[in-house]
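Undergrad: quick one, what's the 3D model for this:
(one chain, ligands or ions: 1)
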Amino acid sequence: MTVREALRTGAAALEASRVPDARLDAEYLLADLLRTDRLRLLADADTPLTAAQAETYRALLARRAAREPLQYILGTQPFMGHLLAVSPAALIPRADTEILCEEALAALRPLCQAGPGVRALDLCTGSGALAIALKAACPSAAVTATDLSDDALRLARDNAFQLGVDVSFVQGDLFAPLAGERFALIVSNPPYIPRPELPTLQAEVLFEPRMALDGGEDGLDFYRRIAREAPAHLVRGGQLMLEIGSPQAGDVCALLSENGLTRLRVVRDLAGLDRVVVGVLEGPSI
Ligand code: GLN
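TA: Numbering: from 1, shown residues only. Now for the predicted structure:
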């Protein structure tokens, strides 16, 4: 079997299982197996596969046909230009979350240029994507990240180590391990799917940890707690930035406002959907 034939039969097998982008995923899987990239793979389409390679390719296709996310099979996902390891211990970083990261960097960069000692916090860090991208872009900032899951933190620490980025990862429930600590910037992509919607999600999402997705009955449980607790952990003038599900902007703004945060802003993603809410703890900086 040649590369060309393998891609044709692979794409057909994935299509039969209604995998979105079947041909593309067939290419990614074979390129990964042959330790090459998609372009070289297509240029060498007449190369024959060994029997062992064909066997392994069939096994990879079977996993993808069962709707296991491509990123879990490949073991990696890029985020803000960093190649992160991913595993079922944590949510696969999304392009949506890069919107939150860009917004956070727009706030953090000038603070870091103005002076040392700027502290940033990432709650529910998962793979570590946000915390690592912030620290990589603003090395003078002190970045802390928390997660409830030890398995996620192992993955996050490994990612930070591999990328040579120094983030302080702390196990705990939201702010619980951070008594008395204040930050100029707090970011979070908490679980926000309303529980009744979980079974309706795309098949691939069901491979991701439920605890990274389940936002309680109405999806707002984490926003309630973060909004209530954030003011005690922000410096005056500090900003809270939260990724949201697109219908949640009004509710999340209301929660931030009830807890004394002001200058509320909603940032849209590239699809034009509400994706990030920003609030400020007013007052002179301390
Ligand atoms: N954006 C994710 C999804 O739709 C959900 C992430 C989250 O709950 N934080 O799958």
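Undergrad: next, please give the residue ranges for the helices of this protein.
TA: For the chain, the helices defined by DSSP state H occupy 3-16, 22-33, 38-43, 51-65, 70-74, 95-114, 129-137, 150-162, 221-229, 249-258.
Undergrad: least reliable of the ones you listed going by mean pLDDT?
TA: When the helices of the chain are compared on average pLDDT, helix 38-43 comes out lowest at a mean of 93.
Undergrad: how far is that helix from where the chain is centred?
TA: How far helix 38-43 lies from its chain's middle: 29 Å, per Cα atoms, centre = their mean, to the nearest Å.
Undergrad: what comes into contact with it?
TA: Around helix 38-43, the neighbours that count as contacts under Cβ atoms under 8 Å, 6 or more residues apart in numbering are 3, 7, 27, 28, 30, 31, 34. No exception for glycine: its C-beta is placed from N, CA and C like everyone else's.
Undergrad: in CSV, list the C-alpha atoms belonging to it.
TA: Output of helix 38-43 as CSV, limited to C-alpha atoms (Å, rounded to 0.1, in the frame of the first residue of the first chain):
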residue,chain,number,x,y,z
ARG,A,38,1.7,16.9,5.6
LEU,A,39,3.4,18.6,2.7
ARG,A,40,6.2,16.1,2.4
LEU,A,41,3.7,13.3,2.8
LEU,A,42,1.8,14.5,-0.2
ALA,A,43,5.0,15.0,-2.2
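Undergrad: quick one, the longest strand along the chain and helix 129-137 angle?
TA: Of all segments of type strand in the chain, defined using DSSP state E, the longest is strand 234-243. Inter-element angle recorded for strand 234-243 and helix 129-137: 120 degrees (by axes from the mean of the first three to the mean of the last three Cα atoms, to 10 degrees).
Undergrad: ok, the residue lying closest to residue 275 once chain neighbours are set aside - how many residues close by?
TA: Closest residue to residue 275 in three dimensions, ignoring its sequence neighbours and counting by Cβ to Cβ, 6 or more residues apart in numbering: residue 269, at 3.9 Å. The local packing count at residue 269 equals 18, with neighbours defined by other Cβ atoms under 10 Å.
Undergrad: residue 269 touches residue 97, doesn't it?
TA: No - the pair formed by residue 269 and residue 97 falls short of the contact definition of Cβ atoms under 8 Å, at 9.6 Å.
Undergrad: buried residues in stretch 93-103, which are they?
TA: Along stretch 93-103, the positions that meet the burial threshold by neighbour count (16 or more other Cβ atoms under 10 Å) are 93, 94, 96, 97, 98, 99, 100, 101, 103.
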